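Undergrad: Following is a predicted model, sequence given first.
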Amino acid sequence: MAHTRLDRVWQAHTVRTLPLGQTQLLIGLHLIHEVFSSQRG
């Protein structure tokens with residue numbers, strides 16, 4: 001059972017364990033931009 005926050009995140013994003021013992025993770029990317037920046041015109 002996962003105990004630390006890192007363990008829980010790692011377990012939630014694990015896709016599979018590769019033959020050499022490495023873990024393949026699913027990582028999403030969220031891009032946030034400032035929509036209230038100063039605009040001229």
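TA: Okay, I see it. Numbers count the residues shown, from 1 in each chain.

Undergrad: how much space between Arg8 and Pro19?
TA: As judged by C-beta to C-beta, to the nearest Å, Arg8 and Pro19 stand 25 Å apart. From N, CA and C alone the C-beta is placed, and that goes for glycine too.

Undergrad: Correction: the previous question concerned Ile27.
TA: Distance, Ile27 to Pro19, using C-beta to C-beta: 21 Å.

Undergrad: before we move on, back to that, who has more neighbours, Arg8 and Pro19?
TA: Taking other C-beta atoms under 10 Å, Arg8 and Pro19 do not tie; Arg8 has more neighbours (12 against 5).

Undergrad: Report all helices and strands that the one helix or strand the more buried one maps to contacts.
TA: Using DSSP states H and E, Arg8 sits in helix 5-13. With contacts taken as 3 or more C-beta pairs under 8 Å, 6 or more residues apart in numbering; DSSP states H and E, helix 5-13 sits against strand 23-25.
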